[in-house]
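Student: no sequence on hand, only this structure:
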Ligand code: ATP
């Protein structure tokens, strides 16, 4: 079965290029996140998929059917896609069941088939018992689940989600992440999910498209983006870590602890390669000894519950982020060993 194929898609608003030759091949049933900072073009890309925006160049195909190109524009209602908005967009004067059934009523469905479809969609988001209530008496998370049920009821091939958790508090976001995972497993729909929150994207998606200034910077699984980010910018955007300048390696190469240390000890002029060192690849000891490669000064300590986050200063002036289960004294010296680092391309 063919999936959703986005090929060299460009969108301009006057002089501004909001999406710049973006290509993605999304498999059927995949959960995909479009991730990037505010203004990078993710919502514009989603709106072009939905058919709310035309495209200037490139093509969008679903199951080998062209939905959009410079001279084709299939209207939203003929794309077999459904969109869930940040604001839920529920009708306040209708109860939950009527809100969910609204797209079916528009298509003229009535009677037992209508009621069965509404019950099935409500069951998928575990809101069967709330059918008669009005949206006003529901929590933010429940309202978002009603919006999900409403988009599911028409059995779309693709569900488009525009920052669906942005209006919810932190605790509810975590609960809703589970609801989205469940929703995806139960429906098997292809999901395209827009977010600027990297931890949300990492927790939910099978694959993530990292965007910046309208361009796709990297496309891969959460693990690949975390372990092998391509550029310095992607490395800074995904997860935590330190970027050091070393005289070793080349972009896309992994350095072991020995090469990393050799490269770090070189004279400054030769240290031109940026290397990402994740906190879990640093061993820190409160008592510096000859076993450690380096000593570093503790500049900041943040309590994170299960561990402390330490900001360290190396003798060559570079900073290092690491974790430890006890809090060292501010200003003290600790022993540090670096186990591995990942070589990055400079940001374009
Ligand atoms: P956010 O997370 O803030 O929603 P985004 O990554 O979704 O950001 P878009 O909303 O896609 O970004 O906007 C991309 C760029 O295109 C922005 O610079 C925005 O100002 C511009 N833009 C979006 N829609 C229009 C429009 N209808 N007319 C003119 N410019 C627009």
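Tutor: Good, I have the coordinates. Only a predicted model underlies this, so the values are computations on that prediction, with no experimental measurement involved. Numbering: from 1, shown residues only.

Student: what helices or strands is the longest helix along the chain leaning on?
Tutor: Ranked by residue count, the top helix of the chain under DSSP state H comes out as helix 170-187. Contacts defined by 3 or more Cβ pairs under 8 Å, 6 or more residues apart in numbering; DSSP states H and E place helix 170-187 against helix 111-124, helix 140-152, strand 190-195, helix 198-204. In this view, the C-beta of every residue, glycine as well, is placed from N, C-alpha and C.

Student: and this protein, which residues reach the ligand?
Tutor: 13, 16, 18, 36, 38, 39, 40, 41, 42, 43, 44, 196 (Cβ under 6 Å from any ligand atom).

Student: cutoff 5 Å now
Tutor: 13, 18, 38, 39, 40, 41, 42, 43, 44 (Cβ under 5 Å from any ligand atom).

Student: give me the three-state assignment for the fourth one.
Tutor: Each residue gets one of three states, and residue 39 gets coil by DSSP: H, G, I helix; E, B strand; the rest coil.

Student: neighbours of it, how many?
Tutor: The number of residues packed near residue 39 is 14, by other Cβ atoms under 10 Å.

Student: same check on the first one?
Tutor: Residue neighbour count, defined by other Cβ under 10 Å, stands at 11 for residue 13.

Student: swap in the third one?
Tutor: Neighbouring residues of residue 38 were enumerated by other Cβ under 10 Å; the total is 7.

Student: wait, it sits on residue 197?
Tutor: No. Between residue 38 and residue 197 no contact is recorded; they are 11.4 Å apart, counting by Cβ atoms under 8 Å.

Student: can you pull the contacts of the residue nearest the centre of the chain?
Tutor: The central residue of the chain, meaning the one whose C-alpha is nearest the mean C-alpha position (Cα atoms, centre = their mean), is residue 201 at 2.5 Å. Shown in contact with residue 201 (Cβ atoms under 8 Å, 6 or more residues apart in numbering): 33, 35, 193, 195, 208, 222.

Student: from residue 88, how far out is the last one?
Tutor: If I follow you right, that is residue 222. 27 Å (Cβ to Cβ, to the nearest Å).
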